[in-house]
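Enquirer: The following comprises the amino acid sequence and a computationally predicted model.
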Amino acid sequence: MSLVALDQALDAILPGLPVIAAAETVPLAAAVGRVLAEDIRARSPYPAFDQSAMDGYALRGDGADGAVLPVIGRLTAGARPETFHEWGAVRIFTGAPIPSGFDRVVMQEHCSTAEGKVEIRTWPPAGEHLRRSGEDMARDAVVLRAGTILGPREVAVAAAVGHDAVAVRGRPRVGVLSTGDELAPAGAALQPGQIHDSNRPMLLAALAALLVPARDLGQVPDRAGVMAETLSRAAEAHNLVLTSGGVSVGEEDRLAEAIEAAGGRVTLYRLAIRPGKPLAVGRIGDCAILGLPGNAFSSFMSFNLVGRPVLARIMGGSAPRLPCFAASLAFPRPGRLPRTDYVPVRVIGTDDAGRPLLDRAGPPGSARLSPILLADGVAEIPTTDEPVRFIPVSALVGL
């Protein structure tokens, strides 16, 4: 089985996933983490009216530096728009409506006042310190597209253009399952040959950080029949089941066999990434099955690189690419690699070009967890001579 580039694999995986069709309308306060079911248009322009961007004085027309004008009015934020017919300046505050016919604002720092008059030390150009109605978002403009995953920024935009509720896709029902004879529950006494299951708690925590409710499906042994029975029941109640372990091609890797025994279909991938090469993507009825590797760091990276786009697709949206920045390595870059390397790193300074300078956060190893705990992020080292990129840890943990 040949290696497949990550982007190529996602292009093959995502279109075949079941997408939640149901929708509901929820208040903005409950919309974070949900996926928009329809476009949002601006019910009102933003800003809603011409307003001052500064504390100062509203003026009209051209004038000269040093001009002295009578102060003919005063407008604060929340005041009704007014019309002034006499010549002069209007004392105005940030957010207040611009009086009819006035076309500029001078900052109060550029003025001197005395006895009801103001001296304009520097006369501003037309349009100075004005926020024009609709200059940010025009009435009826599409401000958010269907498929957008809503966060605080999107909620702010929806509220600013007049919405207090939005139509969103139904919540996904996600189950998390661990496989492996060697696993013991977290906190349990270990028997000889056992390790504590860290993947299932990690995946449940990762989903919680993304505001996706998930059900703990426990752990099953490396027996295809038991796995198949568990997966069959889980598929009836979930849109997505995340598993870890049993996705390679060894004699004890039973996940693919179990999916097929449960009446599903499955594709095994060998991704051109390290860690995280083995991956299983299956489907039982309307439930997607995503099998992640069993090694701890592999499972962590596979969830971020594959699991999050899969989840977003099932929710009816699309996951944005993980933010990354050009960086330099303080350790020797490996020679030409067959797979893109993801290495936990610390930022120890900047290089001559001002890019982050990265050093290893610990020894390499797909089963290690302490390096990512100590890391500021992950270095993405491409297979080509392209620059190294840095993914901040905040983008990987969803917090």
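Expert: That came in fine, so what should we check first? Computed from a predicted model, the values in this text were never measured in an experiment. Residues are numbered from 1 along each chain as shown.

Enquirer: For Leu28, give me phi and psi.
Expert: For Leu28, the backbone dihedrals (degrees, to the nearest 10) come out as phi -60, psi -40.

Enquirer: Name the nearest residue to it, sequence neighbours excluded.
Expert: Distances taken as C-beta to C-beta, 6 or more residues apart in numbering place Val155 nearest to Leu28, at 5.1 Å, with adjacent residues excluded. C-beta: built from backbone N, CA, C; applies to glycine.

Enquirer: Would you verify that that neighbour is located in a strand?
Expert: No: secondary structure of Val155 (DSSP: H, G, I helix; E, B strand; the rest coil): helix, not part of a strand.

Enquirer: check contacts around it.
Expert: The contact partners of Val155, by C-beta atoms under 8 Å, 6 or more residues apart in numbering, come to Leu28, Ala31, Val32.

Enquirer: now Thr383
Expert: Ala272, Arg336, Leu337, Pro338, Arg339, Thr340.

Enquirer: Narrow these to those that are buried.
Expert: Ala272, Arg339, Thr340 (16 or more other C-beta atoms under 10 Å).

Enquirer: Strands along the stretch 251-399 of the chain, start to end?
Expert: 265-270, 273-274, 278-284, 287-292, 325-329, 340-350, 356-360, 377-381, 388-392 (DSSP state E, counting those that start in this stretch).

Enquirer: Just the buried ones from the contacts of Val155?
Expert: Looks like those have Leu28, Ala31 buried, using 16+ other C-beta under 10 Å.

Enquirer: May I see the contacts of Val155 organised as TSV, with distance to Leu290 added?
Expert: Formatted as TSV, those follow (distance: C-beta to C-beta, whole Å):
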residue	distance to Leu290
Leu28	31
Ala31	26
Val32	24
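
Enquirer: could the contacts of Val155 go into JSON lines alongside pLDDT and distance to Arg43?
Expert: Below are the contacts of Val155 laid out as JSON lines (pLDDT from 0 to 100; distance: C-beta to C-beta, whole Å):
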{"residue": "Leu28", "pLDDT": "97", "distance to Arg43": "13"}
{"residue": "Ala31", "pLDDT": "97", "distance to Arg43": "16"}
{"residue": "Val32", "pLDDT": "96", "distance to Arg43": "21"}
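
Enquirer: still on that earlier bit, would you mind saying which of the strands of the stretch 251-399 of the chain lies nearest Glu115?
Expert: Glu115 lies closest to strand 340-350 among those, at 55.5 Å (C-beta to C-beta).

Enquirer: so Gly276 touches Phe303, yeah?
Expert: No: under the criterion of C-beta atoms under 8 Å, Gly276 makes no contact with Phe303, lying 9.2 Å away.

Enquirer: list residues touching both of those two?
Expert: Leu292.

Enquirer: give me the number of residues near the closest residue to Pro201 other than its chain neighbours?
Expert: Distances taken as C-beta to C-beta, 6+ apart place Ala186 nearest to Pro201, at 5.7 Å, with adjacent residues excluded. Using other C-beta atoms under 10 Å, Ala186 has 10 other residues around it.

Enquirer: you'd agree Ala186 is in a strand?
Expert: No: going by three-state DSSP, the assignment for Ala186 is coil, not a strand.

Enquirer: re the thing from before, nearest to Pro124, of the contacts of Val155?
Expert: Leu28 (37.4 Å).

Enquirer: mind giving me the domain split of the chain?
Expert: 6-20+172-314, 25-43+141-169, 51-131, 325-397 (automatic domain parsing).

Enquirer: Can you give the contact residues for the helix or strand that Val168 is a member of?
Expert: For Val168, the host element (DSSP states H and E) is strand 165-169. Contacting residues not belonging to strand 165-169 are listed as 20-28, 31, 34-38, 40, 150, 158, 315-317 [C-beta under 8 Å, 6+ apart].

Enquirer: same deal with stretch 367-379?
Expert: 198, 295-298, 300-301, 327, 329, 341-347, 358, 360-365, 388-393, 395-396.

Enquirer: Whichever of those residues end up buried, select them in PyMOL.
Expert: In PyMOL syntax, the buried subset of the contacts of stretch 367-379 is picked out as below (16+ other C-beta under 10 Å):
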select buried, resi 198+295+296+297+298+300+301+327+329+341+342+343+344+345+346+347+358+360+361+362+388+389+390+391+392+393+395+396
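
Enquirer: Nearest spatial neighbour of the residue sitting nearest the centre point of the chain, chain-adjacent residues omitted?
Expert: In the chain, the residue lying closest to the centroid (C-alpha atoms, centre = their mean) is Pro320, at 6.1 Å. Nearest residue to Pro320 in three dimensions, chain neighbours excluded: Ile149, at 8.0 Å (C-beta to C-beta, 6+ apart).

Enquirer: Now do the helices in the stretch 101-250 of the chain.
Expert: With helices called from DSSP state H, counting those that start in this stretch, the stretch 101-250 of the chain shows them at 152-160, 199-209, 224-237.

Enquirer: Sort out which residues of the strand holding Val168 are buried, please.
Expert: Val166, Ala167, Val168, Arg169.

Enquirer: Tabulate the residues you listed in CSV, adding columns for distance to Gly66 and pLDDT.
Expert: Shown next, in CSV, are the buried residues of strand 165-169 (distance: C-beta to C-beta, whole Å; pLDDT from 0 to 100):
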residue, distance to Gly66, pLDDT
Val166, 52, 98
Ala167, 57, 98
Val168, 57, 98
Arg169, 61, 97
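
Enquirer: Put together TSV for those residues, with distance to Pro97 on each row.
Expert: TSV is the format used below for these (distance: C-beta to C-beta, whole Å):
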residue	distance to Pro97
Val166	29
Ala167	33
Val168	35
Arg169	39
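
Enquirer: can you pull the contacts of Val343?
Expert: Arg360, Pro364, Val378, Ala379, Ile381.

Enquirer: I should have written Gln194 there, sorry.
Expert: Contacts of Gln194 (C-beta under 8 Å, 6+ apart): Glu182, Leu183, Ala184.

Enquirer: picking up where we left off before, for the buried residues of strand 165-169, work out which two are farthest apart.
Expert: Counting by C-beta to C-beta, the most remote pair of these is Val166 and Arg169, 10.8 Å apart.

Enquirer: Show the pLDDT at the residue sitting furthest away from the middle of the chain.
Expert: The centre of the chain is farthest from one residue, Glu115, which by C-alpha atoms, centre = their mean lies 55.1 Å away. If you check Glu115, the pLDDT there is 92.
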